[in-house]
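J.: Here is a sequence together with a model predicted from it:
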Amino acid sequence: MKRINLKSYEVDGTRNIAVCPACSKEIPTLPGALLPKVCVTCGAEAVAGRVPSKVEYNVKDQLCSLLFHPELKLSATQAREREKVKETILKAKDSVNLEEVDYNYIKQGLDVARGFTANDLELINRVYDAEEVEVNPKHKDKVKEET
């Protein structure tokens, strides 16, 4: 059985901003709101841009995406088997214990995926360096649910 750390981590990314060309200031925007079209201070038309920012890398979501990567060309039966693994990952808190077959589903997704960046290396390392854990067969189901 393999244990994978599911804690999200921060990566370098960018965020959308609106800038006033007249004031040369960023126009305040509420999280999740659309970018403003005009400056609230002077009324000038805003210009959209992007700035460097720290972004949360959601490990659970990425692992679930790897389970169903399009390059795997899964059959309906294979997709259903992986759905159970997805639910296990989503229910887990900080880490998840996976049977070897379930762990291999994630590795298969990593092996077929292309276009990784430096931001993905932590996830890749967490999967390939997953801790081997011994579980007493009597308590196997209980341990899987507790993580």
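T.: That came in fine, so what should we check first?
J.: Return the per-residue confidence for the residue nearest the centre of the chain.
T.: The central residue of the chain, meaning the one whose C-alpha is nearest the mean C-alpha position (C-alpha atoms, centre = their mean), is Asn58 at 3.0 Å. Predicted confidence (pLDDT) for Asn58: 95.
J.: That one against Ser8, yeah?
T.: Yes: contact criterion C-beta atoms under 8 Å: Asn58 and Ser8 qualify, at 5.2 Å. Using the backbone N, CA and C atoms, a C-beta is placed for each residue, glycine as well.
J.: And for Asp111, the neighbour number?
T.: Using other C-beta atoms under 10 Å, Asp111 is surrounded by 12 other residues.
J.: Apologies, that question was intended for Ser53.
T.: The burial count for Ser53: 12, using other C-beta under 10 Å.
J.: where does the chain have low pLDDT?
T.: By pLDDT under 70, the low-scoring segments of the chain are 30-33, 137-147.
J.: residue boundaries of the helices in it?
T.: 59-67, 76-91, 100-112, 121-128, 140-146 (DSSP state H).
J.: distance of Ala92 from Lys7?
T.: 11 Å (C-beta to C-beta, to the nearest Å).
J.: of the two, who's got more company?
T.: A count of neighbours by other C-beta under 10 Å puts Ala92 above the other of Ala92 and Lys7, at 18 against 11.
J.: That one contacts Leu6, doesn't it?
T.: Yes: contact status for Ala92 versus Leu6: in contact at 5.8 Å, counting by C-beta under 8 Å.
J.: quick one: common contacting residues for these two?
T.: Overlap of the contact sets of Ala92 and Leu6 (by C-beta atoms under 8 Å, 6 or more residues apart in numbering) consists of Lys60.
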